[in-house]
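Peer 1: below are the sequence and a predicted model for it; my questions follow.
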Amino acid sequence: MDITNPPINNYLYRVTPPRDGILQEMEALAKKHNFPIIGPLVGRFLFQMATITKAQKIFELGSGYGYSAYWFASAMGKKGKIICTDGDEKNKILAESFFKRAKISNKITFKVGNALEILAATKGTFDIILNDVDKHQYPEVFDLVIPKLKKGGVFITDNLLWSSKVLDPHPDASTLGILKFTHKIYSSKKVFSTILPIRDGISVSVKL
Ligand SMILES: C[S@@+](CC[C@H](N)C(=O)[O-])C[C@H]1O[C@@H](n2cnc3c(N)ncnc32)[C@H](O)[C@@H]1O
């Protein structure tokens with residue numbers, strides 16, 4: 001089942017302004033290898049969030065080859081710092097080549113390993129945390145992220161509607177992870193959350 005009426009979805013992509021050359025290359029690569037980047041609709045939203053919050057410190061769990069981080073970095077001033085994480089060394093190499101060409105390498109540190117363990121071992125708090133790791137890990141990510149977010153900080157998570165599999169009467173492990181996570185973001189008194197049905201659904205939680 002489509003999340004957005006297909007003609008409306010096509011319309012949204014059609015009216016979205018063109019991206020710079022590097023983002024277009026990253027998008028073409030995702031299409032070629034069927035790699036799940038957040039895409040331009042959510043990318044623009046990340047840019048807005050970094051701008052509105054004047055974010056200086058961002059942490060990403062599951063950075064792939066840097067498409068989402070590229071949008072954040074584009075919105076951050078010279079002092080902006082992003083920690084990217086991914087389990088795959090090849091993604092780091094690819095991401096760093098894009099960041100170098102875009103002259104944004106000074107804003108980004110890319111760490112390879114388990115994103116949850118890296119976040120747990122990282123000191124300090126963040127203005128924005130983006131979660132895009134494997135979906136069965138989402139409930140654990142919630143518990144880990146909240147203490148690492150500053151008060152008023154924003155926690156953004158991708159794939160909350162999961163191609164409509166959240167409606168499945170017999171959810172698999174990934175879908176169950178998303179359902180449990182959804183319950184957590186709405187029942188926790190520590191955050192105030194909304195799910196936005198753009199692309200595959202994103203949640204936005206503000207730490208109270
Ligand atoms: C959906 S992709 C990320 C896309 C990226 N946020 C973007 O929009 O450009 C998910 C990535 O998370 C990585 N990943 C999944 N679980 C992880 C974990 N526990 N630790 C580190 N990386 C993980 C995968 O290797 C994959 O590259």
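Peer 2: Alright, I've got the coordinates.
Peer 1: what residues does this protein have near the ligand?
Peer 2: The chain has residues 36-38, 62-64, 67-68, 85-88, 91, 114-116, 132-134, 137 near the ligand, with proximity defined as Cβ under 6 Å from any ligand atom. (Each C-beta comes from the backbone N, C-alpha and C, glycine too.)
Peer 1: does K180 touch E140 like I think?
Peer 2: No: contact between K180 and E140 fails when scored by Cβ atoms under 8 Å: they sit 9.6 Å apart.
Peer 1: tell me who's in contact with the closest residue to V206 other than its chain neighbours.
Peer 2: Excluding the flanking residues, the one nearest V206 by Cβ to Cβ, 6 or more residues apart in numbering is F192, at 5.1 Å. Residues in contact with F192, defined by Cβ atoms under 8 Å, 6 or more residues apart in numbering, are S205, V206, L208.
Peer 1: is there a quick PyMOL command that grabs whichever of the residues you listed are buried?
Peer 2: Buried residues within the contacts of F192, by 16 or more other Cβ atoms under 10 Å, are selected in PyMOL with:
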select buried, resi 205
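Peer 1: now D132: phi and psi?
Peer 2: phi -140, psi 40 (degrees, to the nearest 10).
Peer 1: residue ranges in the protein under the pLDDT threshold?
Peer 2: The chain contains no residues with pLDDT under 70.
Peer 1: helices of that one, residue ranges please.
Peer 2: 6-15, 21-33, 39-53, 67-75, 89-101, 115-120, 138-145, 173-187 (DSSP state H).
Peer 1: what angle separates the last one from helix 138-145?
Peer 2: Spelled out, that is helix 173-187. Interaxial angle, helix 173-187 versus helix 138-145 (axes from the mean of the first three to the mean of the last three Cα atoms, to 10 degrees): 40 degrees.
Peer 1: which other helices and strands does helix 173-187 contact?
Peer 2: Helix 173-187 is packed against helix 138-145, strand 191-196, strand 202-207, with contacts defined by 3 or more Cβ pairs under 8 Å, 6 or more residues apart in numbering; DSSP states H and E.
Peer 1: equivalent analysis for the fifth one, please.
Peer 2: Where contact means 3+ Cβ pairs under 8 Å, 6+ apart, helix 89-101 is packed against helix 21-33, helix 67-75, strand 81-86, strand 108-112.
Peer 1: okay if I get the helices of the chain as CSV plus mean neighbour count?
Peer 2: Below are the helices of the chain laid out as CSV (neighbours: other Cβ atoms under 10 Å):
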stretch, mean neighbour count
helix 6-15, 10
helix 21-33, 14
helix 39-53, 18
helix 67-75, 24
helix 89-101, 16
helix 115-120, 18
helix 138-145, 20
helix 173-187, 17
